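A.B. asks: need a structure here:
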Amino acid sequence: MEFRPVGLESWGIYLPKQKHTSDYISQETGIPKDILEDKFGLKSKSVPGPDDHTVAMGAKASFQALERANITANDLDLIIWAGEVYAERPMMTYGIKLQQLLGNPTKPWAFDINQRCGTFLVGMLLAKSLIQTDSNIKRVLVASGYRNSDLINYKNQNSRFMISLAASGAAAILKGDYKKNEILGISAISDGRFADDVYVPAGGTIKPISKEAIDKDLIYLDVPDPEGLKERLDKFSMNAFVKVIDVALQQSGYTREDIDYLALLHMKRSAFEYVAKAVGIDPYKQATYFEEIGHNGQNDGIISLEFGLKSGKIKNGDIIVLTAAGIGWAWNAGVIKWG
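C.D. replies: Down below sits the predicted model:
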């Protein structure tokens, strides 16, 4: 069965002006500045300002995407919220909140999805599939906001591998019958063995929020068994990255040798270099390392795309691979033929 092509019509990003520097993070965590910059790959990271709420940042990125495409929100058929659930208020439907912030257009409808830091690529996969199978859907906005930096307790050594969590917004507009920046294969892997390794201890049905929970700092991300997680996850995660990239390339009719740019998420420098080199990519000439803005969750792929274009690393005709990984654990990759 032949499906109509779906392309990336437009995109947008929003990065708050405020930052935590490596000096500040070193003072708060006790980790030496040189270790933060060299090993963690963190010279600074973006943190939210007073008005940089999660959906609000997604809206800022969405307005940029709409302006780039020279359309309005009423030209959309669907809005998919692929951002975080830690947002303006609990129990809201954030896609509908985004619809409101975009001027409450009446044509598109909206819903939320969630796979932590893998969500944006899942959103792109759903958007592409819906465009190809529903003739009423021609243009979809996938948008995200992220400020899980708030959920990091710098004093908690168990969660130190997550100190790079930052804040930003990202958006992408996918259009049917659009061969420019064509979105090809998107693949995902998830593994439930890691489902209970990272979470916020209080605020759910097992341990409701309480004064005691707040006093004991149970409202931040925690890792019950950091050494056990590291032992089980490190090698598995690196292999999962390579596997999910290979699958997305195979779905697209390409191989590792065809990759021109790899949009990797921010992770410790050694892991970033390992994944890039494992698929035959120069980690600093054919990818972008976010040592100035930190890890922005599911937004990293679109941010890397923006940085790659501005730096001239992405050119017309290039094969781009976007990657993601989220706690739980999940790994994602997607291929775009640029231009």
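A.B. asks: could you chop the protein up by domain?
C.D. replies: As assigned by automatic domain parsing, the chain contains the domains 6-181, 184-337.
A.B. asks: please identify the most buried of the ones you listed.
C.D. replies: The highest mean neighbour count among those, using mean count of other Cβ atoms under 10 Å, belongs to domain 6-181: a mean of 20. For the C-beta atoms, the positions are set from N, CA and C on the backbone; glycine is no exception.
A.B. asks: the residue nearest to Ile293 when sequence neighbours are not counted bridge partners, please.
C.D. replies: Take Ile293 and drop its neighbours on the chain: the residue closest to it by Cβ to Cβ, 6 or more residues apart in numbering is Ser46, 4.8 Å away. Here Ser46 sits in beta bridges with Lys19, going by DSSP bridges.
A.B. asks: my guess is Ser46 contacts Ser164. True?
C.D. replies: No - here Ser46 does not reach Ser164: they are 10.4 Å apart, not a contact under Cβ atoms under 8 Å.
A.B. asks: need the overlap of contacts for the two.
C.D. replies: Between them, Ser46 and Ser164 share these contacting residues under Cβ atoms under 8 Å, 6 or more residues apart in numbering: Gly294.
A.B. asks: who are the contact partners of the residue nearest to Ile293?
C.D. replies: Counting by Cβ under 8 Å, 6+ apart, Ser46 makes contact with 15-16, 18-19, 149, 166-168, 293-294, 296.
A.B. asks: switch to 10 Å and redo it
C.D. replies: Residues in contact with Ser46 (Cβ atoms under 10 Å, 6 or more residues apart in numbering) are 14-20, 52, 57, 146-147, 149, 166-168, 290, 292-296, 303.
A.B. asks: can you give me the strands for the stretch 151-300 of the chain?
C.D. replies: Per DSSP state E, counting those that start in this stretch, the stretch 151-300 of the chain carries strands over the ranges 168-176, 182-190, 261-263.
A.B. asks: out of those, the one nearest Lys216 is which?
C.D. replies: In terms of Cβ to Cβ, the element of the strands of the stretch 151-300 of the chain nearest to Lys216 is strand 168-176, at 29.8 Å.
A.B. asks: now do the closest one, average pLDDT.
C.D. replies: Model confidence over strand 168-176, given as mean pLDDT, is 98.
A.B. asks: and it, what does it pack onto?
C.D. replies: strand 6-14, helix 54-69, strand 78-81, helix 119-133, strand 139-146, strand 182-190, helix 300-310 (3 or more Cβ pairs under 10 Å, 6 or more residues apart in numbering; DSSP states H and E).
A.B. asks: okay, the ones you listed in CSV with distance to Ala213 and mean pLDDT next?
C.D. replies: As requested, those are exported to CSV (distance: least, Cβ to Cβ, whole Å; pLDDT from 0 to 100):
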stretch, distance to Ala213, mean pLDDT
strand 6-14, 32, 98
helix 54-69, 22, 98
strand 78-81, 27, 98
helix 119-133, 26, 98
strand 139-146, 24, 98
strand 182-190, 29, 98
helix 300-310, 30, 98
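A.B. asks: between the ones you listed, which gets nearest to Asp112?
C.D. replies: The nearest among the helices and strands packed on strand 168-176, by Cβ to Cβ, is strand 78-81 at 4.4 Å.
A.B. asks: then the following helix or strand past the closest one to CSV, C-alphas only?
C.D. replies: Later in the chain than strand 78-81, the nearest helix or strand by DSSP states H and E is helix 94-101. C-alpha atoms of helix 94-101 as CSV (Å, rounded to 0.1, in the frame of the first residue of the first chain):
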residue,chain,number,x,y,z
TYR,A,94,-2.1,20.2,28.1
GLY,A,95,-2.9,19.9,24.3
ILE,A,96,-6.1,21.7,24.9
LYS,A,97,-4.4,24.3,27.1
LEU,A,98,-1.9,24.9,24.2
GLN,A,99,-4.9,25.3,21.9
GLN,A,100,-6.2,28.0,24.2
LEU,A,101,-2.8,29.8,24.3
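A.B. asks: what's the spacing between helix 94-101 and its chain's center?
C.D. replies: Chain-centre distance of helix 94-101: 19 Å, with Cα atoms, centre = their mean, to the nearest Å.
A.B. asks: so which elements touch that helix?
C.D. replies: Helix 94-101 packs on helix 54-69, strand 78-81, strand 109-112, strand 139-146, going by 3+ Cβ pairs under 10 Å, 6+ apart.
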